[in-house]
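1. below is the sequence, then the predicted model.
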Amino acid sequence: DAAPTTLPAKSFLGAASGVERPSGRPPTAPELRRPRRAIFATMARSTSADRAVLLLLSALALVTRFAMLAYPRQVVWDEHHFGKFVNGYLSGAYFFDIHPPLGKLLLALSAWAGGYDGAQTWEKIGTPIAPAVPLLALRGPSALQGSALVPLAFAAARAMGVSTAGSLLPACGVLFDACYLAESRLVLTDATLLLGFALQLWGCAASDAHPPLSRAWAARVGAAGVGIALASCTKWTGLATLATAGLHSLWALARAAAAGWRARRERPFARPLLAHVVARLLLLLALPAAAYILCFHLHFSLLPNTGDGARFMTPRFRATLRNGTAAAVEGVPPPTFWEKFVELNREMLRANSTLKKEHRWASHWWEWPLMLKTILYWRANGPPYVTAERPHARIYCIGTPAVWWLGAVAPLLFAVVAAARRLRPPEEEEEEPPA
């Protein structure tokens with residue numbers, strides 16, 4: 001038999017994606033009609049131009065993120081927190097943080113693999129970092145993840161059907177933005193968070209180009225699940241990826257249900273639709289949930305000794321830590337993993353909700369997209385960074401205005417374009433049937 005013919009079918013964003021029609025029957029008139037003008041057209045396969053652009057973007061991202069990575073050889077901004085967290089994992093001293101542990105675990109893994117011994121103090125911003133400290137191992141995870149974010153932004157745009165030239169806009173925005181660059185060159189976890197956001201967007205968009213429950217579809221939805229895990233297991237703000245994937249899933253399931261209902265006389269649709277629902281629940285909800293639990297299991301396993309963070313926990317929790325002052329109460333069993341898991345997450349929630357300390361660089365949420373305030377990350381106070389010829393050396397977290405201002409108005413522009421295209425009458429031009 002001849003190979004099946006690929007016909008257009010709308011994707012999540014109202015775009016055309018490939019579905020198969022048995023070749024045994026001729027195409028009908030509706031199949032030959034030009035599809036309604038879509039907001040985006042899903043890209044099922046990359047082109048040679050796409051691959052060349054991806055290689056170029058990856059090379060530029062690696063150069064800009066890894067070049068002079070040891071500058072400055074001093075503690076910058078929140079490195080004085082995350083450096084201490086890495087020390088805690090290597091020494092086993094219990095610490096407390098308001099964020100989930102995945103990003104910190106990745107930093108500690110890289111530091112351990114790079115031979116870091118945990119001796120650096122990370123006392124305050126500007127503290128010198130000893131020459132023996134392998135900064136590549138400590139700052140490398142952020143640099144690598146920040147580098148991956150650039151080609152992934154391009155791939156996500158292409159998966160949504162944006163042209164190759166148009167997809168360069170978000171990719172170059174990530175590549176040349178000063179704020180992204182700063183976050184990708186320090187001992188921080190924001191690069192992990194952002195990589196999770198981008199991976200979730202790409203996975204959801206790319207899955208629309210493949211039949212539900214196919215291997216290619218499952219791989220891309222699974223990638224979205226990994227993105228949700230990366231983001232939500234690093235910071236709770238990453239739970240926004242779960243909301244985005246949930247909305248995408250509701251849309252996709254509604255379209256699948258509608259298509260199945262229309263074809264109910266030809267084939268049953270309840271069982272495939274149920275399988276579709278179960279697959280999405282497993283890949284987009286169960287997988288991130290399992291990753292979240294596993295992260296805390298590793299967190300507790302690597303922190304068996306008492307430390308500065310023990311004071312945030314209950315006496316029963318502290319009694320499980322070695323070398324501590326809290327003693328186990330006779331007749332009271334030690335807390336199980338689940339009890340410790342619930343207690344720590346409850347304490348994280350309480351600490352997040354009571355954060356009221358402000359600093360001179362603080363800003364409201366609505367000031368960020370407009371770049372009304374910046375943050376001073378580091379300022380040199382002497383040689384070798386400050387000389388008579390170069391009296392100032394500073395690192396600011398400041399976004400590139402063109403990128404941030406365009407990003408601030410992009411949702412409104414998208415809504416206007418989407419509404420205009422949806423309101424435009426569909427084109428019903430007939431095409432010549434194949435010979």
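-> Ah, there it is. Numbers count the residues shown, from 1 in each chain.
2. please enumerate the helices of the stretch 101-250 of the chain.
-> 102-113, 135-159, 164-176, 178-183, 190-207, 215-232, 240-262 (DSSP state H, counting those that start in this stretch).
3. could I get the ones you listed as a markdown table with mean pLDDT, mean neighbour count and distance to residue 48?
-> In short, each C-beta sits where N, CA and C put it, glycine included. As requested, the helices of the stretch 101-250 of the chain are exported to a markdown table (pLDDT from 0 to 100; neighbours: other C-beta atoms under 10 Å; distance: least, C-beta to C-beta, whole Å):
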| stretch | mean pLDDT | mean neighbour count | distance to residue 48 |
| --- | --- | --- | --- |
| helix 102-113 | 97 | 22 | 34 |
| helix 135-159 | 96 | 23 | 13 |
| helix 164-176 | 93 | 18 | 10 |
| helix 178-183 | 93 | 21 | 28 |
| helix 190-207 | 96 | 25 | 19 |
| helix 215-232 | 96 | 22 | 20 |
| helix 240-262 | 91 | 16 | 29 |
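4. what's the closest of these to residue 406?
-> helix 164-176 (7.5 Å; C-beta to C-beta).
5. for the closest one, packing partners?
-> Helix 164-176 sits against helix 48-66, helix 135-159, helix 401-423, with contacts defined as 3 or more C-beta pairs under 8 Å, 6 or more residues apart in numbering; DSSP states H and E.
6. residue 400: neighbour count?
-> With neighbours defined by other C-beta atoms under 10 Å, the count for residue 400 comes to 16.
7. scratch that, residue 305
-> Residue 305, neighbours per other C-beta under 10 Å, totals 14.
8. need the contact list for it.
-> By C-beta atoms under 8 Å, 6 or more residues apart in numbering, the contact set of residue 305 is 91, 92, 93, 94, 321, 322, 323, 324.
9. mind redoing it with 6 Å?
-> Residue 305 makes contact with 92, 93, 322, 323 under the criterion C-beta atoms under 6 Å, 6 or more residues apart in numbering.
10. equivalent analysis for residue 61, please.
-> 147, 150, 175.
11. looking at it now. What's its pLDDT?
-> pLDDT for residue 61: 97.
12. tell me how far it lies from residue 72.
-> In this view, residue 61 and residue 72 are 22 Å apart by C-beta to C-beta, to the nearest Å.
13. again, but for residue 369
-> 29 Å.
14. ditto for residue 388
-> Counting by C-beta to C-beta - residue 388 and residue 72 are separated by 19 Å.
15. quick check: closest non-adjacent residue to residue 135.
-> residue 70 (4.6 Å; C-beta to C-beta, 6 or more residues apart in numbering).
16. now do residue 394
-> Counting by C-beta to C-beta, 6+ apart, the residue nearest residue 394 is residue 379, at 4.8 Å.
17. hmm, residue 395 and the one you found touching each other?
-> No. Contact between residue 379 and residue 395 fails when scored by C-beta atoms under 6 Å: they sit 7.9 Å apart.
18. the two: which has the busier surroundings?
-> residue 395 (20 against 17).
19. would you say that one is within a helix?
-> No. According to DSSP: H, G, I helix; E, B strand; the rest coil, residue 395 belongs to no helix; its state is strand.
20. what sits against it?
-> 377, 378.
21. let's see that with 7 Å instead.
-> 76, 182, 377, 378 (C-beta atoms under 7 Å, 6 or more residues apart in numbering).
22. spell out the secondary structure type for the last one.
-> Put simply, residue 378 is strand when judged by three-state DSSP.
23. can you get me a residue count around it?
-> Residue 378: 19 neighbours (other C-beta under 10 Å).
24. give the helix, strand or coil label for residue 391.
-> Once three-state DSSP is applied, residue 391 turns out coil.
25. pLDDT wise, what is residue 296 at?
-> Reported pLDDT for residue 296: 97.
26. and it, how close does it get to residue 200?
-> 21 Å.
27. hmm, back to that, between the contacts of residue 61, which is closest to residue 246?
-> Among those, and counting by C-beta to C-beta, the member closest to residue 246 is residue 150, at 26.9 Å.
28. who are the contact partners of that closest one?
-> So residue 150 contacts 57, 61, 171, 174, 175 (C-beta under 7 Å, 6+ apart).
29. the first one and residue 152 touch, don't they?
-> No. Look at residue 57 against residue 152 with C-beta atoms under 7 Å: they stay out of range, at 9.5 Å.
30. so how far is the helix or strand hosting residue 272 from its chain's centroid?
-> Here residue 272, judged by DSSP states H and E, is contained in helix 270-281. Chain-centre distance of helix 270-281: 26 Å, with C-alpha atoms, centre = their mean, to the nearest Å.
31. which parts of that helix are buried?
-> 273, 276, 279, 280 (16 or more other C-beta atoms under 10 Å).
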